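Visitor: Return a 3D structure for these sequence lines:
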Amino acid sequence: MTDSKYFTTTKKGEIFELKAELNSDKKEKKKEAVKKVIASMTVGKDVSALFPDVVNCMQTDNLELKKLVYLYLMNYAKSQPDMAIMAVNTFVKDCEDPNPLIRALAVRTMGCIRVDKITEYLCEPLRKCLKDEDPYVRKTAAVCVAKLHDINAQLVEDQGFLDTLKDLISDSNPMVVANAVAALSEIAESHPSSNLLDLNPQSINKLLTALNECTEWGQIFILDCLANYTPKDDREAQSICERVTPRLSHANSAVVLSAVKVLMKFMEMLSKDLDYYGTLLKKLAPPLVTLLSAEPELQYVALRNINLIVQKRPEILKHEMKVFFVKYNDPIYVKLEKLDIMIRLASQANIAQVLAELKEYATEVDVDFVRKAVRAIGRCAIKVEQSAERCVSTLLDLIQTKVNYVVQEAIVVIKDIFRKYPNKYESVIATLCENLDSLDEPEARAAMIWIVGEYAERIDNADELLESFLEGFHDESTQVQLQLLTAIVKLFLKKPTETQELVQQVLSLATQDSDNPDLRDRGYIYWRLLSTDPVAAKEVVLAEKPLISEETDLIEPTLLDELICYIGTLASVYHKPPSAFVEGGRGVVHKSLPPRTASNESVESPETAPAGAPSNEQPDVIPTQGDLLGDLLNLDLGPPVSGPPLATSSVQMGAVDLLGGGLDSLMGDEPEGIGGPNFVAPPAAAVPANLGAPMGSGLSDLFDLTSGVGTLSGSYVAPKAVWLPAMKAKGLEISGTFTRQVGSISMDLQLTNKALQVMTDFAIQFNRNSFGLAPAAPLQVHAPLSPNQSVEISLPLNTVGSVMKMEPLNNLQVAVKNNIDVFYFSTLYPLHILFVEDGKMDRQMFLATWKDIPNENEAQFQIRDCPLNAEAVSSRLQSSNIFTVAKRNVEGQDMLYQSLKLTNGIWVLAELRIQPGNPNFTLSLKCRAPEVSQHVYQAYETILKN
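Guide: Residues are numbered from 1 along each chain as shown. Sure thing, here's the model as predicted:
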């Protein structure tokens, strides 16, 4: 008879009847009653009222009945914690039962009853079971520790269960070892900081021995644990790989993927020259291929993992292309994944095969798949240069089919092919233009517009084509609008006479009628460029474009390394790290591949950027790539929001502010643009007020003799200091200082050869720094530097290098190379070398800016022991480009109001209080970038006291 009878309902007093049956003397009747209770519980009826009666049935030798009662107990213990305590005595008794199955059952149930009140009563029985003579009981107890830890971690630690678990890793039974590893891994995941799985070569050896005799899930636990171990050298890594390799032939795909994960991780440590490395690559291919003969869901998981493996080590599967050819009955998700891997494996050797397949796919019925196939042909052209010709002709054949979505995808990829191979395949443009009317997807329309704009000079009716798009400008997507705006500006720069009305029309559409800030901003920038400096506009808009890279959708290397550590888990299917989809901090540990061992590290060439600091006390030569963007944004690179006029001095060529001066001249008398006198400037109302600052005294400042422009006195120069001692640079000693004369900055160096050999081939390089300081010319040492000889060199500097905020702000990290080696040092440059000659503000602007800068940006400093009077102070500071804007006498105190400007456009305003007869001055500084103030104060100190 089947079990279905337990699920049929009886009369009204069902609970009452069950209660009577549960208390019956007959064992059979009792068992039947418990089965009915479990059946009711399974279908969702509330039978918690029978708790005491069911618990009474625990006192039995019948294993089946005991299991049923335990099942009930697990379900209702949470809602009846007080009742559940009644069962504790039975657990304690059952844990000492002669039958190991009952002992294990009791300990398993204990772990599943998630009630705080009971847990402390279970510690004693659990301790006994962990040391039980029967391995089945021990392995069950190991898992129970992990469950108990989840309920009450402190209790588990206090009772010493974690140490017992660690001891179980050395157990004689492989299943116990596997469960102990699983339990410890589970606990370690919820407490990443605790070093529970303290693996060493001895324990690894035990795990590898247990690996061969475990069940398949036990093997997965052990392999996952091995993957978290970092071998001490390549020999240990190789020995572990040799012992894990047999798992690749396991029938369970999860075991295979876990083994692949371990091997992929440890291969990082093996030298590519080893014979074993090649053998391992060959052994990895067959198991991965075998995974593809499973059912589609497993195939998909395998393919997602293979996609990662192929990006990391394409050589593993380079000869297995045919396996990834699509079968007619593959589901779409498998087809798309296979297609992706085919492109990654495409090479000159197999491209003919791949193209033939892709052309076939492009005639399929599944639209998504056909689109991906057409795109794949384009990707092949970009990846394998030799096949580009063939790919383009294949794409043209597909365009001739006139199937709408095929044509649109083909145009999108042809645009990329033009970017990769300029001036090679432009003959096909005529064919593309024939299909203009059929394009209805934003991406295809944008691609076509880009092609028309880029090659306008080759297309006779380019203006008509673009005008046809312009008619429905506001109905287009943003992507198409932006592309159309750029294309028409390109066309105008190539054919100014014919397209003036067109460009005027698109600029007013973009700036006046559009709600999209991106589009409006781009419109204004083009408008201002065209109306202020047509030559610059041409250089900017028609600049040489960089070639596009081969594969644009590769996973970023550090993320790829992390995902390789998660092969066989959900992260490898999503291609996202666990932190991206696991809620809360639990279980999210950032993993990375082990570093390559010293024996096979690549030697860095002297030309590469500095790799490490020369000594402990100096800052790192290459900073960590922390928050570079954040650092850049912290620096106030533009002029103040309502800042002073930019004096049009030609002295400071550092950072050309595209919108600063350019905008001002737009508001005033702009030079005639390409379009001649009738090229209209953008409407004044649309320009933000703060950008339209009047030119004011811009030109007059040039001729204002008090402003310091052209004074030859030059700023203060510190005496040379030793930057790189000879003992740290194999006999090369470098001393130096920084100077600023008439607007040009230089680094004055003295190179001394204290070695016994001649030094030649000098070169110098700066790391990125806060103000973009960089050598403006090579380091010229005209004759070889003989032993005990010195040479003085002045190296001109500019401020157009790469910017990155340093700590401290004025830190400069330098690499000097000669025929002996590359040497690194860091030095601090005085900030006053960056004070520019047009740093004098007019009084009104000074007042407005001082009020505008928030008070929290004000910093106060004391300058002590300076015997100069106000006149001498003002004159000395002016020679270093700190200009006195105004001077007042308040209650016997001289107040100097001063301004200075840094090469990157940051303004600093100062108030200096001088009490006649008192050598101590008070300096107040205000600046939009307050981190500069401390260094400006140091410059004041240096200039005034020397």
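
Visitor: Now do Tyr229 against Ser185, distance only.
Guide: 12 Å (CB to CB, to the nearest Å). All C-beta spots, glycine's among them, are computed from the backbone N, C-alpha and C.

Visitor: Who has more neighbours out of the two?
Guide: Neighbour count, other CB atoms under 10 Å: between Tyr229 and Ser185, Tyr229 has more, with 21 against 17.

Visitor: Report pLDDT for that one.
Guide: What the model reports for Tyr229 is a pLDDT of 85.

Visitor: Over to the one 3 residues further on?
Guide: The per-residue pLDDT reported for Lys232 equals 85.

Visitor: Just the element for Tyr566, please.
Guide: Assigned by DSSP states H and E, Tyr566 falls within no helix or strand.

Visitor: So it versus Ser875, what's the distance?
Guide: The value you get for Tyr566 to Ser875, if CB to CB is used, is 68 Å.

Visitor: between these two, who's got more neighbours?
Guide: Set Tyr566 next to Ser875 and count neighbours by other CB under 10 Å: Tyr566 wins out with 22 against 12.

Visitor: Please name the nearest non-neighbouring residue to the more buried one.
Guide: If the residues on either side of it in the chain are set aside, Tyr566 comes closest to Ser572, at 5.3 Å by CB to CB, 6 or more residues apart in numbering.

Visitor: can you check Pro52 too?
Guide: Met83 (6.4 Å).

Visitor: Just say helix, strand or coil for the one you found.
Guide: With DSSP: H, G, I helix; E, B strand; the rest coil as the basis, Met83 sits in helix.

Visitor: thinking it is in contact with Val54, fair?
Guide: No: with contact defined as CB atoms under 8 Å, Met83 does not reach Val54; the gap is 9.8 Å.

Visitor: These two: which is more packed in?
Guide: For Met83 versus Val54, neighbours defined as other CB under 10 Å are more numerous around Val54 (27 against 16).

Visitor: Helix or strand for the residue nearest to that one when sequence neighbours are not counted, just tell me which one.
Guide: Using CB to CB, 6+ apart and skipping residues adjacent in sequence, the residue nearest Val54 is Tyr72, 5.1 Å away. Assigned by DSSP H and E, Tyr72 belongs to helix 63-76.

Visitor: How about residues contacting that helix?
Guide: Contacts with helix 63-76, where a contact means CB atoms under 8 Å, 6 or more residues apart in numbering, come from 27, 30-31, 34-35, 37-38, 41, 48, 51, 54-55, 57-58, 60, 83-84, 87, 94, 99, 101-102, 105-106, 109, 112-113.

Visitor: what comes up buried for it?
Guide: For helix 63-76, the buried set under the neighbour-count rule, 16 or more other CB atoms under 10 Å, comprises 65-76.

Visitor: what's the closest non-adjacent residue to Asn252?
Guide: Nearest non-adjacent residue to Asn252, counting by CB to CB, 6+ apart: Glu216, 4.3 Å away.

Visitor: Kindly report the same for Ala580.
Guide: Excluding the flanking residues, the one nearest Ala580 by CB to CB, 6+ apart is Tyr574, at 7.5 Å.

Visitor: Look up how far Pro296 lies from that neighbour.
Guide: Tyr574 sits 18 Å away from Pro296, going by CB to CB.

Visitor: Give the residue spans of the stretch 51-200 of the chain that score low on pLDDT.
Guide: For the stretch 51-200 of the chain, the stretches with pLDDT under 70 are 192-195.

Visitor: what about the helices in it?
Guide: Listed in chain order, the helices of the stretch 51-200 of the chain (DSSP state H, counting those that start in this stretch) span 51-56, 63-76, 81-84, 88-94, 100-112, 116-130, 135-151, 153-158, 161-168, 174-190.

Visitor: Val244 is nearest to which of these?
Guide: Closest to Val244 of the helices of the stretch 51-200 of the chain, according to CB to CB: helix 174-190, at 14.6 Å.

Visitor: That closest one packs against which elements?
Guide: Applying 3 or more CB pairs under 8 Å, 6 or more residues apart in numbering; DSSP states H and E, we find helix 174-190 packed against helix 135-151, helix 161-168, helix 201-211, helix 216-227.

Visitor: in the stretch 751-900 of the chain, which spans are helices?
Guide: With helices called from DSSP H, counting those that start in this stretch, the stretch 751-900 of the chain shows them at 843-852, 870-878.

Visitor: now the last one: mean pLDDT?
Guide: The predicted model assigns helix 870-878 a mean pLDDT of 89.

Visitor: Tell me the helices and strands packed up against that helix.
Guide: strand 883-890, strand 893-901, strand 907-914, helix 933-945.

Visitor: Which of those sits closest to Arg520?
Guide: Ranking the helices and strands packed on helix 870-878 by proximity to Arg520 (CB to CB) places strand 907-914 first, at 28.3 Å.

Visitor: and after that closest one, which helix or strand comes next?
Guide: Trace forward from strand 907-914 with DSSP H and E and the next one is strand 921-927.

Visitor: Next, the angle from that following strand to strand 893-901.
Guide: Here the directions of strand 921-927 and strand 893-901 differ by 30 degrees (axes from the mean of the first three to the mean of the last three CA atoms, to 10 degrees).

Visitor: What strands flank strand 921-927, and is each parallel or antiparallel?
Guide: Using DSSP bridges, strand 921-927 pairs in its sheet with strand 858-863 (antiparallel), strand 907-914 (antiparallel).

Visitor: Buried ones in that strand, by neighbour count?
Guide: 921-927.

Visitor: Does the spatially closest residue to Ile316 that is not a sequence neighbour lie in a helix or a strand, and which?
Guide: Excluding the flanking residues, the one nearest Ile316 by CB to CB, 6+ apart is Leu284, at 5.0 Å. Secondary structure assigned from DSSP H and E places Leu284 in helix 275-291.

Visitor: I'd like to know which elements that helix is packed against.
Guide: helix 234-244, helix 253-267, helix 296-312.

Visitor: could I get these as TSV with mean neighbour count and distance to Lys415?
Guide: Below are these laid out as TSV (neighbours: other CB atoms under 10 Å; distance: least, CB to CB, whole Å):
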stretch	mean neighbour count	distance to Lys415
helix 234-244	19	45
helix 253-267	24	36
helix 296-312	20	25
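
Visitor: and these as JSON lines, adding distance to Thr279?
Guide: Compiled in JSON lines, the helices and strands packed on helix 275-291 are given as follows (distance: least, CB to CB, whole Å):
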{"stretch": "helix 234-244", "distance to Thr279": "10"}
{"stretch": "helix 253-267", "distance to Thr279": "11"}
{"stretch": "helix 296-312", "distance to Thr279": "17"}
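
Visitor: of all these, which lies closest to Phe221?
Guide: Of all the helices and strands packed on helix 275-291, helix 253-267 comes closest under CB to CB, at 8.9 Å.

Visitor: can you tell me which residues contact the closest residue to Glu856 other than its chain neighbours?
Guide: Excluding the flanking residues, the one nearest Glu856 by CB to CB, 6+ apart is Pro930, at 8.0 Å. Taking CB under 8 Å, 6+ apart, we find Pro930 in contact with 856-857, 859.

Visitor: Could I have the PyMOL command that selects the buried members from these?
Guide: In PyMOL, this line selects whichever of the contacts of Pro930 come out buried by 16+ other CB under 10 Å:
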select buried, resi 859
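
Visitor: returning to what we had before: hey, which of the strands paired with strand 921-927 is tucked in deepest?
Guide: Ranked by mean neighbour count, these are led by strand 907-914 with a mean of 22 (mean count of other CB atoms under 10 Å).

Visitor: Brilliant, that's me finished.
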